[in-house]
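Engineer: Make a model of this:
(chains A, B, C and D)
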There are 2 protein chains.
Amino acid sequence: MDMVERRPRKQSASRLTVGDWTSAALDAMARGGLAAVAVEPLATHLGATKGSFYWHFANRDALIEAALQRWETDHTDAVIALVEEQADPLAKLRTLIETVMESTASPHADSIELAMLATADHPHVAPVLARVTERRVAYTAELFRALGLPAEEARYRGLLAVTAYLGHAQLARAAPQVVPGTAAERRAYVDRIIDLVTAS
Amino acid sequence: MDMVERRPRKQSASRLTVGDWTSAALDAMARGGLAAVAVEPLATHLGATKGSFYWHFANRDALIEAALQRWETDHTDAVIALVEEQADPLAKLRTLIETVMESTASPHADSIELAMLATADHPHVAPVLARVTERRVAYTAELFRALGLPAEEARYRGLLAVTAYLGHAQLARAAPQVVPGTAAERRAYVDRIIDLVTAS
DNA sequence: ACACCTCCATACGGTGGCGTATGTTTCTCC
DNA sequence: GGAGAAACATACGCCACCGTATGGAGGTGT
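Structural biologist: Model (predicted):
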């Protein structure tokens, strides 16, 4: 019943692993949302059939769970690692906001997150979103604390930063024409937000 | 082919109108998103059958279009009317932000909007969202202009305000535990956002 | 009171996806 | 090189929903 990977063996070219299915699931989610994570279309996309899938997973739900779990670990780790390369707290903060705002890291990941927000009520998605969001607020608040702000104020700033990020993501998708078009304008826009959030 | 209402007649109790169906569609959308706008479940919910529906509408798509159109007109009018009751621009701005942030107007409408954001890519939803968002940014920018800010700065502030609104809506849904819990805290939080956006 | 139009119910065929049952291939190991 | 397990393919029944076809009930005008 557990979905752990067996010992790798030789892994001949035309045989799928649990990882292949979860990757395909995340891809599908980035394109068409959680509803696009459907067994039969995925199988067709991978050049296989359902028979393969139901050997690796108990059902569609198990695939969703596996995909979300992998996204949660991969995604948060990647961003934090990128930010922690910076030395001082202010540089970290700027790097963090610039990264998530411009989605330099991965537009793919951004699509997945939008898809998750679009299905925030889903029993498997909700806890993941809750954890990731809480972690983001906490981490950003920590940066503000390192900048010398008191705990309450730092937490508040973290909340504001995450709010701005989420709002920007929604805005860019719901009405791309209102958001600054050129890279330079967008950069100025992000700078402005950073100034606002970091204003004493 | 046109879906205009016929002359009202007597309208016996157990007969459905186009308006009944669109209302039910918006209700369903508030509960389960666009996917919940399904003909047969709606018919059951209304105590009718598909036969009734397909007399009033050409297909499911026509119902979605009608529902979205009604939401667009009703919703935008309601908020603007409420705000325009205020006298000076600053009071208008505060009323606007407080209203949309606290969702005092209608939690029902808020659910519908979240559902629309969740389906922002849908061919019928996308243009509605684009228009509404643009109108919000423009209207808020107009308020800032009335406060004496230059056009470019006003537009930027309007963008920021809408961003904060959307982000807050997403945050409240994706991670309710991170957002201030008590009414007093929430009020302070909103006040703080207003200060930030209106800061010179 | 009869024909007529409006509104709706019933019944049907079609599609897409889920999950299962049961073969069939391919690898592994001895 | 043959047994057994692992990884698939095929075929099936099932459900939910869409859209159509057709008949029937209820108002409407004359």
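
Engineer: any chance you could map the helices in chain A?
Structural biologist: For chain A, the helices defined by DSSP state H occupy A:18-32, A:39-45, A:50-56, A:60-84, A:89-102, A:107-118, A:125-146, A:151-174, A:183-198.

Engineer: which of those helices is buried the deepest?
Structural biologist: Most buried of the helices of chain A, by mean neighbour count (mean count of other CB atoms under 10 Å in any protein chain shown): helix A:151-174, with a mean of 22. No exception for glycine: its C-beta is placed from N, CA and C like everyone else's.

Engineer: right, quick check: the least confident helix or strand in chain A by mean pLDDT against chain B, any contact?
Structural biologist: Least confident helix or strand of chain A, by mean pLDDT, DSSP states H and E, is helix A:183-198 with a mean of 81. Yes. Shown here: helix A:183-198 in contact with chain B (CB under 8 Å from any CB of the partner chain) through A:189, A:192-193, A:196.

Engineer: Could you dump the residues you listed into a markdown table with distance to DNA strand C added?
Structural biologist: A markdown table is the format used below for the residues of helix A:183-198 next to chain B (distance: CB to the nearest atom of the strand, whole Å):
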| residue | distance to DNA strand C |
| --- | --- |
| A:Tyr189 | 38 |
| A:Arg192 | 43 |
| A:Ile193 | 39 |
| A:Leu196 | 44 |
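
Engineer: Show me what from chain A comes close to DNA strand D.
Structural biologist: A:6, A:9, A:14-17, A:43, A:47-52, A:55-56 (CB under 7 Å from any atom of the strand).

Engineer: Spell out which two among those residues are the most distant pair, please.
Structural biologist: The distance between the two most remote of the residues of chain A next to DNA strand D (CB to CB) is 22.7 Å, for A:Arg9 and A:Lys50.

Engineer: Go through the residues of chain A and report the one nearest to chain B.
Structural biologist: Per CB to the nearest CB, A:Gly167 is where chain A lies closest to chain B, at 2.8 Å.

Engineer: That residue contacts B:Leu159, correct?
Structural biologist: No. A:Gly167 sits out of contact with B:Leu159 when judged by CB atoms under 8 Å, with a separation of 9.8 Å.

Engineer: so where's chain A shaky on pLDDT?
Structural biologist: A:1-13, A:103-105, A:200 (pLDDT under 70).

Engineer: Close to chain B: what parts of it are there?
Structural biologist: So chain A meets chain B at A:35, A:117-121, A:126, A:129-130, A:133-134, A:137, A:156, A:159-160, A:162-168, A:170-171, A:173-175, A:177-179, A:189, A:192-193, A:196, A:199 (CB under 8 Å from any CB).

Engineer: Next one: A:Ala81 from B:Pro123, what distance?
Structural biologist: 39 Å (CB to CB, to the nearest Å).

Engineer: In contact with the one residue in chain A that gets nearest to DNA strand D: list those residues for me.
Structural biologist: Minimum separation of chain A from DNA strand D (CB to the nearest atom of the strand) falls at A:Gly51, amounting to 1.8 Å. Contacts for A:Gly51 (CB atoms under 8 Å, 6 or more residues apart in numbering or on different chains) come out as none.

Engineer: Would you mind measuring from the spatially closest residue to A:Ile112 that is not a sequence neighbour to A:Ala81?
Structural biologist: Among residues not flanking A:Ile112 along the chain, A:Ala30 sits closest, at 4.9 Å (CB to CB, 6 or more residues apart in numbering or on different chains). To A:Ala81, A:Ala30 is 21 Å away according to CB to CB.

Engineer: what sits up against stretch A:172-191?
Structural biologist: By CB under 8 Å, 6+ apart, stretch A:172-191 touches A:97-98, A:101-102, A:114, A:168, A:171, B:117, B:120-121, B:126, B:129-130, B:133-134, B:137, B:156, B:159, B:162, B:166.
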